[in-house]
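Q: quick one, structure for this:
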Amino acid sequence: MDSTKTRQTEIVINYILSYIPFAELIDEYCAHNVEGRFTVFGFQDYSSFLQIQKKLENEMTIDEIEIIKSIGNTLVIFIKDILESLIDESLCEEIKELFLKEIIDVPNYNALKMENCQILNSDGLIKSLWMILNDGCEVANSNIDTLRQIE
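A: The predicted structure follows:
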């Protein structure tokens, strides 16, 4: 956004990311997907994503959930690029080795069914971010009292 960073804009953005179920679902999908890049294959976990999805069962269709995953996949590309510039292969292997020393479970590949491979083109990503911000600002505007409590 082409704006000056202020406490008020931070509060609105925090509200959108924390209290809007659509954005929360994208956030959880991204988190689990990125985590999966640095986790041993078979130990991916989408449990918090599934909990949020279950709460939204009557509010979102399966197609809308798939759109959320596509938005998440697109954002994950940028997040992974940033993290992979900070975490080289040797550190990644070290993380996996330490994980395997501590874990007592066996791999479970069912969580991989949660992933889709769809990504958005640049226009689709911009439209999605605009929609999230626009809808989020409308919801934030209708919850001014909550925003004041956060402040």
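Q: any chance you could map the helices in the chain?
A: Here the chain has its helices, by DSSP state H, at 7-19, 21-37, 47-55, 62-86, 89-102, 122-141, 144-150.
Q: what residue lies at the spatial centre of this structure?
A: Nearest residue to the geometric centre of the chain (CA atoms, centre = their mean): residue 27, 2.2 Å.
Q: what about that residue, distance to residue 21?
A: 10 Å (CB to CB, to the nearest Å). To be clear about C-beta, it is placed using only N, CA and C from the backbone, and glycine gets the same treatment.
Q: return the residues in contact with the residue nearest to the centre of the chain.
A: Counting by CB atoms under 8 Å, 6 or more residues apart in numbering, residue 27 makes contact with residue 17.
Q: from here on, count from 433
A: New numbering, starting at 433: the last item is residue 459.
Q: distance of it from residue 449?
A: For residue 459, the distance to residue 449 - CB to CB - is 6 Å.
Q: returning to that earlier point: deepest in the core, which of the helices of the chain is it.
A: The highest mean neighbour count among the helices of the chain, using mean count of other CB atoms under 10 Å, belongs to helix 453-469: a mean of 20.
Q: so, low pLDDT: which residues of this structure?
A: 433-435, 451, 582-583 (pLDDT under 70).
Q: re earlier: can I get the helices of the chain in JSON lines with distance to residue 547?
A: Listed next are the helices of the chain as JSON lines, based on distance: least, CB to CB, whole Å:
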{"stretch": "helix 439-451", "distance to residue 547": "22"}
{"stretch": "helix 453-469", "distance to residue 547": "7"}
{"stretch": "helix 479-487", "distance to residue 547": "11"}
{"stretch": "helix 494-518", "distance to residue 547": "7"}
{"stretch": "helix 521-534", "distance to residue 547": "19"}
{"stretch": "helix 554-573", "distance to residue 547": "18"}
{"stretch": "helix 576-582", "distance to residue 547": "33"}
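Q: right, so of those, which gets closest to residue 541?
A: Among the helices of the chain, the nearest to residue 541 by CB to CB is helix 453-469 (11.4 Å).
Q: got the CA positions of that closest one in CSV?
A: C-alpha atoms of helix 453-469 as CSV (Å, rounded to 0.1, in the frame of the first residue of the first chain):
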residue,chain,number,x,y,z
PRO,A,453,-11.9,-15.8,8.9
PHE,A,454,-11.1,-15.7,5.2
ALA,A,455,-7.7,-14.1,5.9
GLU,A,456,-7.1,-16.3,8.9
LEU,A,457,-7.7,-19.4,6.8
ILE,A,458,-5.2,-18.1,4.1
ASP,A,459,-2.7,-17.4,6.9
GLU,A,460,-3.0,-20.9,8.4
TYR,A,461,-2.7,-22.5,5.0
CYS,A,462,0.4,-20.5,4.2
ALA,A,463,2.0,-21.3,7.6
HIS,A,464,1.5,-25.0,7.2
ASN,A,465,2.6,-25.1,3.6
VAL,A,466,5.8,-23.2,4.4
GLU,A,467,6.4,-25.3,7.5
GLY,A,468,6.1,-28.4,5.2
ARG,A,469,9.1,-27.2,3.2
